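*Asks:* okay, sequence plus prediction incoming.
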Amino acid sequence: MPNLAFTDSTLVYASYSRGYKGGGTNPPRAEINPDVIQYQPLEGTFEPEYVDAFEIGAKNTFANGRGTLNLTGFWYEYEDYQVSQIVDRISLNENFDARIWGLELEAMFRPAPDFQVDGNIGYLNTRIADGQGSIDVMNRTAGQDGWTLLRPWVQVPSNCIAPTEHVETILQMGAMFPANITSGALTALCGGAYRYGSFDPNFNTTLPFWQFYGFTYDPFTEAPNGGRGFETDLSGNELPNAPNWTVNIGAQYTFRFNGWEMTPRVDYFWQGESYFRVYNTDYDRLEAWDNLNLTVTLARPRDGLVIQGYVRNALDDAPIVGAFTNSDDTGLSTNVFTLDPRIWGLSIRTSF
């Protein structure tokens, strides 16, 4: 990485690097009962991830060393960026081309020898490339008319979509057949293992279930993505867990007496809103949140004794800082992660 110092207190630098993250194989789909599991083809492998990373910045010292001011800009170009989501009870990895750019300003100033103020502000801009898509388990129809979401069988891990007209035909004529035939026909619309055959020997076992209802339909060839749903266009969406703005500011003052040093410090952090999935819907939105931490450090430098008391999350807030969506058979429940509750602590350490 080339460095160029214009003065004794200014450093300008630039760098380029190319990174790699290995691909792999997605876990096999969970099949509790192979006799009733619906046909849900999943991507068997995911591609390695590559990134071209460009960075430029400047580090500056001023006021005879009492202050620093650093500015960094970066641009990351991703090929096959890896993102995970829960599908069919497994963590399914997908690949998307994307780019990230951002700026970070970092500063520190000591207006007096024992008083310090420091902080940083970061801006992040992320964008998934045009033409990228993924099936949103929260919106498998993707707004397409004429398709209905189905929950065909309790043991089936995923929902599917099927033509609304066929679903309505089966439900309207359900009274004419045993319940197991109706259930089998709905499962068949999802490409289930019961698409051929019958529970009742009085029915023709050589035909798919839906042909009992006067129509033919093959989800393997006529349904989008084998019935899993339509892809949602991700062009221009933000990457998960990538807030546009972050701010961190801290201040401390050191009191000195009889060989002791006591330093109270306060740190405040704020993060803007972001999304926890690539689809960027209202459901995916993570609200902005903040955090306040307090620390008091008592030290005796001559013998290396340090006593520190701290309060983390002093405001005792519980914002949601992350989340993920479970598979369809859980009702698409959401696991959320919150900030740890207020924590008080005391530590004592010494060196020899």
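*Replies:* Done, it's in.
*Asks:* wait, T297 sits on Y253?
*Replies:* No. The pair T297 and Y253 fails to qualify as a contact (Cβ atoms under 8 Å) at a distance of 11.3 Å. C-betas here are computed from N, CA, C, even on glycine.
*Asks:* now do the shared contacts for these two.
*Replies:* Jointly contacting T297 and Y253 under the rule Cβ atoms under 8 Å, 6 or more residues apart in numbering are T263.
*Asks:* each with direction, which strands does the host helix or strand of G122 pair with?
*Replies:* Per DSSP states H and E, G122 falls inside strand 115-128. In the sheet containing strand 115-128, its partner strands are strand 90-112 (antiparallel), strand 245-253 (antiparallel), by DSSP bridges.
*Asks:* let me see the domain layout of the chain.
*Replies:* According to automatic domain parsing, the chain is divided into the following domains: 3-130+238-292, 147-227.
*Asks:* pick the most deeply packed of the ones you listed.
*Replies:* domain 147-227 (a mean of 18; mean count of other Cβ atoms under 10 Å).
*Asks:* what about that domain, start to end distance?
*Replies:* Start and end residues of domain 147-227 are separated by 10 Å (Cα to Cα, to the nearest Å).
*Asks:* report all helices and strands that the longest helix along the chain contacts.
*Replies:* Counting residues, the longest helix found in the chain (DSSP state H) is helix 179-189. Counting contacts by 3 or more Cβ pairs under 8 Å, 6 or more residues apart in numbering; DSSP states H and E, helix 179-189 packs against strand 160-163, helix 164-172.
*Asks:* could you pull up phi and psi at N139?
*Replies:* Note on N139: backbone dihedrals following degrees, to the nearest 10 are phi -150, psi 70.
*Asks:* do I have it right that it meets T281?
*Replies:* Yes. Applying Cβ under 8 Å as the test, N139 and T281 come out as touching, 7.4 Å apart.
*Asks:* tell me which of the helices and strands packed on helix 179-189 lies nearest to S235.
*Replies:* Distances from S235 to each of these were compared using Cβ to Cβ; the minimum, 22.0 Å, belongs to strand 160-163.
*Asks:* what pairs with the closest one, parallel or antiparallel?
*Replies:* Checking strand 160-163 against DSSP bridges gives partners strand 147-150 (antiparallel).
*Asks:* residues touching the partner strand, excluding its own?
*Replies:* Contacts for strand 147-150 (Cβ under 8 Å, 6+ apart): 140-141, 159-164, 167, 186, 189-190, 230.
*Asks:* for E222, state which of the residues you listed is nearest.
*Replies:* Nearest to E222, judged by Cβ to Cβ, of the contacts of strand 147-150 is P163 at 8.0 Å.
*Asks:* CSV for the helices and strands packed on helix 179-189, including distance to P301?
*Replies:* Converted to CSV, those look like this (distance: least, Cβ to Cβ, whole Å):
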stretch, distance to P301
strand 160-163, 68
helix 164-172, 76
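*Asks:* redo the ones you listed as a markdown table? Include mean pLDDT and distance to R312.
*Replies:* Below are these laid out as a markdown table (pLDDT from 0 to 100; distance: least, Cβ to Cβ, whole Å):
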| stretch | mean pLDDT | distance to R312 |
| --- | --- | --- |
| strand 160-163 | 90 | 46 |
| helix 164-172 | 88 | 52 |
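*Asks:* rewinding a little: and the contacts of strand 147-150, which two are furthest apart?
*Replies:* Spatially, the most separated pair among those is L186 and F230, at 19.6 Å (Cβ to Cβ).
*Asks:* hang on, isn't I320 packed against F337?
*Replies:* Yes. Judged on Cβ under 8 Å, I320 makes contact with F337 at a distance of 7.0 Å.
*Asks:* and the strands in the stretch 1-150 of the chain, which stretches?
*Replies:* Assigned strands in the stretch 1-150 of the chain, in chain order: 3-7, 10-21, 24-25, 45-46, 49-62, 67-87, 90-112, 115-128, 133-135, 147-150 (criterion: DSSP state E, counting those that start in this stretch).
*Asks:* for I343, find the nearest of those.
*Replies:* Judged by Cβ to Cβ, the one of the strands of the stretch 1-150 of the chain that comes nearest to I343 is strand 115-128, at 22.8 Å.
*Asks:* before we move on, back to that, next, the angle from the longest helix of the chain to helix 164-172.
*Replies:* Interaxial angle, helix 179-189 versus helix 164-172 (axes from the mean of the first three to the mean of the last three Cα atoms, to 10 degrees): 170 degrees.
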